[in-house]
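**Student:** I need the structure of the sequence given here:
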Amino acid sequence: QVHLTQSGGGSFQSGGSLRLSCVISRYTSSSYCMTWFCQAPGKESEGVASILSDGRTSYADSVKGRFTITRDNAENTLFLQMNSLKPEDTAMYYCAADRTLDSGGSYGYNYWGQGTQVTVSS
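**Tutor:** Model (predicted):
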């Protein structure tokens, strides 16, 4: 069984920075595509940033230039560096690992972290 354990989060001022961490309890995590999602109250979950096993990254337009996703394969840890925080970044953040593709062409993930709240005040 694979477990994802998140840390970081909390309450921050607009313009501030923080780093979220997600430790994966499996040495083969380097082969996983991993993604950070966020879900704000009353809104659907959305992908924030992804990193493939080869290191390629992608970001939601809303966080490009402000957030950086990285992974430390030796430590089996995924990170999300969040800079220039905005109130609209307020959400519950989840890490997810091992992306799958169903027959309908939709992505899913086999493993999820427990979530961590990020609150940004103006």
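**Student:** Now stretch 77-97: average pLDDT?
**Tutor:** Over the span of stretch 77-97, the pLDDT mean works out to 97.
**Student:** repeat for stretch 22-33
**Tutor:** Regarding stretch 22-33, the rounded mean pLDDT is 78.
**Student:** try stretch 105-122
**Tutor:** Taken as a whole, stretch 105-122 has an average pLDDT of 94.
**Student:** now stretch 52-70
**Tutor:** Per-residue pLDDT values over stretch 52-70 give a mean of 96.
**Student:** From here on, call the first residue 235.
**Tutor:** Shifting the count to begin at 235 puts that one at stretch 286-304.
**Student:** strand partners of the one helix or strand Cys256 maps to, parallel vs antiparallel please.
**Tutor:** Element membership for Cys256 (DSSP states H and E) is strand 252-258. Each strand that pairs with strand 252-258, with its direction, by DSSP bridges: strand 238-241 (antiparallel), strand 311-316 (antiparallel).
**Student:** Pick the most buried one from those.
**Tutor:** Counting by mean count of other Cβ atoms under 10 Å, strand 311-316 has the highest mean neighbour count of those, with a mean of 22. Placement of C-beta: from N, CA and C, glycine included.
**Student:** moving C-terminal of that one, what's the next helix or strand?
**Tutor:** Assigned by DSSP H and E, the successor of strand 311-316 is strand 325-335.
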